[in-house]
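K.L.:
this one's structure only:
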C-alpha cells in the first residue's frame, strides 16, 4: 500500500525559504513627524507672537470687560505693563478711568493714573486668590449718594449690596489719594486725602497704616487705621486692627478683628465713643439718634453681614449713667434699630436735651457747647420752652424699637421715683407709648405721637397725672404744705411745629386739673376772699386748716392760647371763681381769681387775686381797682354822714353757696380722668 503524496516530485531537495531581513528605521513615523511639525509651528508662532505682541492691544477688550462687570463706562488711556513670567505675575494699568452711572452725570467716578496688581499662581490654581501687591498711585475718587439712596459705588444691580469682601492682600499701597464724598441723604460732604502703606522703619515697624484726613461738613476729620503685617495675613485666621476716627469733637476708637481677611461682613471687637451730642453720629453712621448732653460710651460689637450688634453697652450721658444693648439691621437698606437701655440714676435735666433744651441754671451740669448757647438764650429771652429745630428728614430714613428704664430719677424738687418708656419709629412716625413716671403716690403717664412724614411735623399728646398728692408736688418752704389733697390732671393736645416752642404756639385741645377734696391752710382760704381775718392768720403764721370741697381748673387750648373755661376753688369759708388765659406763644399768663365768703364778714376788701407775667417768673398780686372805689365811697360817707359809715363799703355782699363739685368735675372731664386713673 503506497503512502499518499504530500509533496511534489523534486521538492524534497529545496531548502526552506527565510523571511526577508527588516531594515533599520531612520526616524519618526509620518504621523509623529506631522505632530512634531504642528507643535513646533505653534511654539514658533507663540515665540513670534510674544516677540511682536503689544499688551496695549488688550486695552479695549479689558476696558469693555471691566465696564460690563461694573455696569458703567470704563476706559484705559495709558499703557498696559504685564510681567507674566513669574509664579506671581504682575500687571500695571496706566490711565484707568471709571465713569459714573447714568443718573450721576458724565463726570468720572475715579481716575487712577497707575494701578498695579500682583497675584500668586499656585493658590489661584487651587481656587484661592491671594494678592501679594495692590498699589494705586495718586487715585482721585468722587463718591456720591443721592437723596433717594442711589450710590455710585454700588457696582451691582442689587440696591442693597452685600458687605465688601476682598481677598488677602500682602502689600496695600495708596499714594497721594484724593477723596470726595457727598451724601445728599445724610447731608454730608467730605473732601480730603487718603494714603496707606506698611511702616518699614521707626515706631510701628511692620504694621499696616491707612490714614484719611480732610474736612467733614466744615469740621476737621481724621481717620487712622492700623493693623498687623499684611505679609503674614492668613485667610483662616482673624486679622487684628485698630481704628481712630475724629469728626469735629466726636471721637470713635475701635479695637477689632476681621474674622476672615478681608471679609468686612465679619467683624468683632470693642468700640468707644465720646462727643458733645449723640445726634452728631448721624453723619458717620446714618442712624437717627436723639439730642443728648456730652456722652462717653463703650461696648463690645460684632458684625454679621448687614447686622451690627452692640453688647455690654455702658457709660454716661451728661450726669446720668447708661447701660444696655442694641442692634442695627441694615439688610434692606433701611436701618432698623432695636435697643434695651437702662439707667441706675437719671438726672432729669439730661432728658431735657432730647427736646432740644438745657437747664435754666447751668452750674453743676454737664452741658455741650450748643446746650450752653441754648441755656443762655432761654435765660436772655426769659423763656422756658426751647426753640431747637428738629431735622425731620432724618427720622424718615430709619425705623426703631427702644425700651428705656431709669431705676431712680434726680428731678430736683419734683418727687419722681422712676421713669420708663417705650418708643417706636416707623417710616417717619414716632410713638412714645407709654411714658410713665412714678411718684411717691400716683403716677404721670401718657402717650406722645410725632408724625414727621411731612415737612412740618404734627404732634398728638395725651398726658395724665393720677393718684398724686398736692403736698408731695408742692411741699412748701416751711415744711407745712399750704394745700393737701389728691391731684388729677390731663392734657390732650394736638399741634404742628418742628420745635417744642413752635408746637406749643400751635397747640389745640384741653388741659384740666382737679383736686377732688383735701385741706388748705385757713389763712390762704380766707385770703382768697381778701378779708382781714385771713391777713391776721397769715401774719400770725397760723397752721390751722380748712377743708377743700373741690378745685377745678379747666382750660381750652386754641392756637397756643389756653383760655380758662372753669376756674373754681371751693373751700369751707370761701368760694372762689376765676377767669383768664395762658399764652404759650410768648409764654405769658393773666389769671384773675375772685372769692366770695360763705359767712358774714364785717370787713372785706373786694380785690381779686391776680397771677400775671411770664411762665418763667409769674407775679402774684391783687386787683385794687374796686378796692380804690370802696375807699373813695367810704371816705365820702365818713365826711358827710358819720365816721361809722366808713365801714359800710367793706361789708360783704350776699353770701356765696357751695359749688356743685360733682357737676364741675363731670363737665370739665375731671371725673372721667379720675375714673380712668383709678382703673
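P.N.:
Received the coordinates, thanks. Keep in mind the model is a prediction, meaning the values are calculated, not measured.
K.L.:
burial measure for residue 427, as a count.
P.N.:
12 (other CB atoms under 10 Å). Quick note: C-beta positions are derived from backbone N, CA and C, even for glycine.
K.L.:
Verify the contact between it and residue 398 for me.
P.N.:
No - taking CB atoms under 8 Å as the definition, residue 427 is not a contact partner of residue 398, at 9.4 Å.
K.L.:
can you tell me how far the closest residue to residue 150 other than its chain neighbours sits from residue 151?
P.N.:
Closest residue to residue 150 apart from its sequence neighbours, by CB to CB, 6 or more residues apart in numbering: residue 103 at 6.0 Å. In this view, residue 103 and residue 151 are 10 Å apart by CB to CB, to the nearest Å.
K.L.:
Look at these two and report which has more neighbours.
P.N.:
More crowded of residue 103 and residue 151, by other CB under 10 Å: residue 151, with 17 against 10.
K.L.:
Surely the more buried one is in contact with residue 143?
P.N.:
Yes - counting by CB under 8 Å, residue 151 touches residue 143, with 7.5 Å between them.
K.L.:
Please name the residues that touch residue 334.
P.N.:
The contact partners of residue 334, by CB atoms under 8 Å, 6 or more residues apart in numbering, come to 397, 398, 399.
K.L.:
at 7 Å what do you get?
P.N.:
By CB atoms under 7 Å, 6 or more residues apart in numbering, residue 334 lies in contact with 398, 399.
K.L.:
which SS class is it?
P.N.:
Using DSSP: H, G, I helix; E, B strand; the rest coil, the structure places residue 334 in coil.
K.L.:
ok, so what distance separates it from residue 159?
P.N.:
According to CB to CB, residue 334 stands 11 Å off from residue 159.
K.L.:
how about the strands in the stretch 401-550 of the chain?
P.N.:
Here the stretch 401-550 of the chain has its strands, by DSSP state E, counting those that start in this stretch, at 409-410, 418-426, 429-438, 443-451, 458-469, 483-496, 508-515, 518-521, 545-558.
K.L.:
mind listing what the last one pairs with, with the direction of each?
P.N.:
Strand 545-558 has these partner strands in its sheet, going by DSSP bridges: strand 508-515 (antiparallel), strand 518-521 (antiparallel), strand 561-571 (antiparallel).
K.L.:
Show me what counts as buried in it.
P.N.:
545, 546, 548, 549, 550, 551, 552, 553, 554, 555, 556, 557 (16 or more other CB atoms under 10 Å).
K.L.:
For the nearest residue to residue 154 once chain neighbours are set aside, what are phi and psi?
P.N.:
Leaving aside its sequence neighbours, residue 154 sits nearest to residue 161 (CB to CB, 6+ apart; 5.3 Å). With angles defined as degrees, to the nearest 10, residue 161 sits at phi -70, psi 160.
K.L.:
Residue 427 now?
P.N.:
Per degrees, to the nearest 10, the backbone of residue 427 is at phi 50, psi 50.
K.L.:
give me every residue that touches it.
P.N.:
Residue 427 sits next to 396, 399 when contact means CB under 7 Å, 6+ apart.
K.L.:
what's the answer for residue 269, then?
P.N.:
Residue 269 makes contact with 254, 255, 256, 257, 301, according to CB under 7 Å, 6+ apart.
K.L.:
Show me the residues you listed that map onto helices.
P.N.:
Judged by DSSP state H, the contacts of residue 269 include no members of helices.
K.L.:
Any chance of a PyMOL selection covering the buried ones in those?
P.N.:
Typed into PyMOL, the line below selects the buried ones among the contacts of residue 269, using 16+ other CB under 10 Å:
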select buried, resi 254+256+257+301
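K.L.:
Could you export the contacts of residue 269 as a markdown table, including pLDDT and distance to residue 198?
P.N.:
Output for the contacts of residue 269, formatted as a markdown table (pLDDT from 0 to 100; distance: CB to CB, whole Å):
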| residue | pLDDT | distance to residue 198 |
| --- | --- | --- |
| 254 | 96 | 20 |
| 255 | 96 | 20 |
| 256 | 95 | 19 |
| 257 | 94 | 19 |
| 301 | 96 | 26 |
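K.L.:
Output the contacts of residue 269 in JSON lines; the columns should cover distance to residue 595.
P.N.:
Shown next, in JSON lines, are the contacts of residue 269 (distance: CB to CB, whole Å):
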{"residue": "254", "distance to residue 595": "68"}
{"residue": "255", "distance to residue 595": "70"}
{"residue": "256", "distance to residue 595": "71"}
{"residue": "257", "distance to residue 595": "75"}
{"residue": "301", "distance to residue 595": "65"}
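K.L.:
Are we agreed that residue 371 is in a helix?
P.N.:
Yes - under three-state DSSP, residue 371 sits within a helix.
K.L.:
Tell me which of the strands of the stretch 401-550 of the chain sits most buried.
P.N.:
strand 518-521 (a mean of 22; mean count of other CB atoms under 10 Å).
K.L.:
What mean pLDDT does that one get?
P.N.:
Confidence over strand 518-521 (mean pLDDT, whole number) is 75.
K.L.:
for stretch 229-248, same thing?
P.N.:
Confidence over stretch 229-248 (mean pLDDT, whole number) is 88.
K.L.:
now stretch 61-76
P.N.:
Mean pLDDT, stretch 61-76: 93.
K.L.:
returning to what we had before: and the residue nearest to residue 150, what pLDDT?
P.N.:
92.
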